[in-house]
Structures are given as structure tokens and as C-alpha cells.
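A.B. asks: Starting from these lines, generate the structure:
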Amino acid sequence: MPGQGKTELLEFLDFAGNKGLMTKASAQSLRSACTAVFSILDDAETDNVFTLDLDALFHRYENIKGMEVSPNTMRAYRQRVKQAISDFERYKDNPSQWKPAGGPRSNSSGKRSSRSPTANSREMDPQARTDSSVLGALSADEITHQFPLRRDTIVRISGIPFDVTRSEMARMTAYLSNLVAEADEIEHPQLMSGTADNDIA
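C.D. replies: As a prediction, this is how the structure comes out:
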């Protein structure tokens with residue numbers, strides 16, 4: 001059936017955020033996770049998001065991105081992609097009655113439950129609480145990309161926007177290239193400050 005691929009899923013999340021069916025922040029976090037995870041797939045593999053084997057997909061994603069994405073982010077992505085697809089599928093089944101998963105529950109009289117968030121959280125499964133805390137408000141500043149520069153050196157970079165462009169990445173790469181230390185600077189670090197031994201009184 002047409003209309004259930006990656007493009008339609010992302011359009012649905014934009015629609016839900018813009019129409020206030022969920023907060024824009026929630027819609028953006030779900031969209032960012034889907035965009036990141038689906039980036040390893042070709043177009044043919046995302047023609048129907050409802051038939052994706054998500055366990056196999058995340059196994060592939062971890063194999064490819066495991067050194068760049070932290071475990072907490074990986075767990076958040078897994079939860080968010082599953083939620084996005086579930087919300088999209090339920091919306092397709094009944095658009096007029098759709099509500100996002102995890103929204104306020106109503107009692108039989110149609111009123112919101114008066115139970116406190118604290119009481120509800122105590123009844124949640126411990127793993128669910130962990131996932132919820134991870135999902136809460138991950139921003140680009142909290143996503144740390146790890147790069148093995150040397151056998152004993154891991155470089156960590158954070159703050160890269162989810163929608164970084166190729167031109168922006170090229171500028172950042174050019175900036176980082178200015179940090180390269182020449183051999184003389186490594187062997188004689190005083191040259192970097194412009195101070196030679198015979199200049200010291």
C-alpha cells in the first residue's frame with residue numbers, strides 16, 4: 001500500500017508537530033532519530049516502514065555507527081524510531097481519533113487521571129523509566145561522537161546539529177585541519193609560543 005515509506009513517516013511527524021498533535025520538540029526528536037537510523041538504508045529498504053525488521057536494523061546501525069554514537073543515544077534512537085513508526089501506523093488506521101503514544105490518559109468519564117506523575121512513575125518498569133529519562137530531552141549538545149584517533153586516544157565531539165549540512169561539515173573539517181601540529185612543534189613545543197631558550201633571562 002502506498003504512502004507508508006520513510007518520506008511519509010517524516011512528513012507525518014512534521015504534520016503532528018505543526019498541528020499541535022504533539023509538541024514540536026517531541027516531533028523533532030522522533031524525526032531526528034528516524035533520519036539518523038534510516039540513513040544507513042537505501043531507498044528500496046524504506047518503501048514500507050511497517051515491515052522493517054527493527055532488531056536487524058539496529059544491529060546494522062550499531063555495527064556501522066557504534067564508535068560514533070554513545071550507548072545512551074543508541075537506546076534513545078531505538079525507542080524513538082519504534083515510537084514514531086507505531087504512532088504513524090495508528091494514525092494511518094484512524095486519523096481522526098489518533099493521539100500520540102504516552103500522552104495523558106483519560107478515565108471512563110473522559111477526564112484526565114488525577115494521579116500524580118510521581119505515583120505513575122513508581123509503577124513503571126525500571127527499564128521503562130530509564131528509557132524515558134534518556135528520551136526526555138536529548139539535544140545536539142548531549143550527543144557525543146567518539147572517534148578513535150589513536151590506539152590510546154579517543155576524541156569526543158559534541159554539539160553537532162542533527163541536520164548538519166555537507167558545506168558546514170566541510171568548514172568544520174577545514175577548521176580542525178588548522179590544529180595539526182608540525183613535527184618541529186611536537187619536538188620543540190616552545191616554538192608554538194614564540195619563545196626560544198636564548199630569549200629567557
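
A.B. asks: ok, the closest residue in space to residue 45 that isn't next to it in sequence - how many residues close by?
C.D. replies: Excluding the flanking residues, the one nearest residue 45 by C-beta to C-beta, 6 or more residues apart in numbering is residue 52, at 7.7 Å. The C-beta positions use only the backbone N, C-alpha and C, and glycine is treated the same way. Residues lying near residue 52 (other C-beta atoms under 10 Å) number 18.

A.B. asks: and if you look at the one 4 residues further on?
C.D. replies: Around residue 56 sit 9 other residues, with neighbours defined as other C-beta under 10 Å.

A.B. asks: for the helix or strand where it lies, packing partners?
C.D. replies: In this structure, residue 56 sits in helix 54-65 according to DSSP states H and E. Packing contacts for helix 54-65, counted by 3 or more C-beta pairs under 8 Å, 6 or more residues apart in numbering; DSSP states H and E, involve helix 24-38, helix 71-93.

A.B. asks: Of those helices, which is nearest residue 159?
C.D. replies: Nearest of these to residue 159, taken as C-beta to C-beta: helix 71-93 at 13.5 Å.

A.B. asks: In contact with residue 74, which residues are there?
C.D. replies: Applying C-beta atoms under 8 Å, 6 or more residues apart in numbering to residue 74 gives the contacts 58, 61-62, 65-66.

A.B. asks: The residues you listed into TSV, with extra columns for pLDDT?
C.D. replies: Putting these into TSV (pLDDT from 0 to 100) gives the following:
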residue	pLDDT
58	92
61	92
62	91
65	88
66	84
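
A.B. asks: Kindly indicate the member of these with the most neighbours.
C.D. replies: residue 61 (22 neighbours).

A.B. asks: That one is in contact with residue 41, isn't it?
C.D. replies: No. The criterion here is C-beta atoms under 8 Å, and residue 61 misses it with residue 41 at 9.3 Å.

A.B. asks: wait, isn't the residue nearest to residue 45 in contact with residue 85?
C.D. replies: Yes. At 7.5 Å, residue 52 counts as touching residue 85 under the criterion of C-beta under 8 Å.

A.B. asks: got the contact list for residue 101?
C.D. replies: So residue 101 contacts 83, 86-87, 90 (C-beta under 8 Å, 6+ apart).

A.B. asks: Run a quick neighbour tally on residue 90.
C.D. replies: 15.

A.B. asks: ditto for residue 9
C.D. replies: Residue 9: 26 neighbours (other C-beta under 10 Å).

A.B. asks: quick one: it and residue 50 touch, right?
C.D. replies: No. Judged on C-beta under 8 Å, residue 9 makes no contact with residue 50 at a distance of 9.4 Å.

A.B. asks: circling back: make CSV from the helices and strands packed on helix 54-65 and add distance to residue 158 and mean pLDDT to it.
C.D. replies: Converted to CSV, the helices and strands packed on helix 54-65 look like this (distance: least, C-beta to C-beta, whole Å; pLDDT from 0 to 100):
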stretch, distance to residue 158, mean pLDDT
helix 24-38, 15, 93
helix 71-93, 11, 91
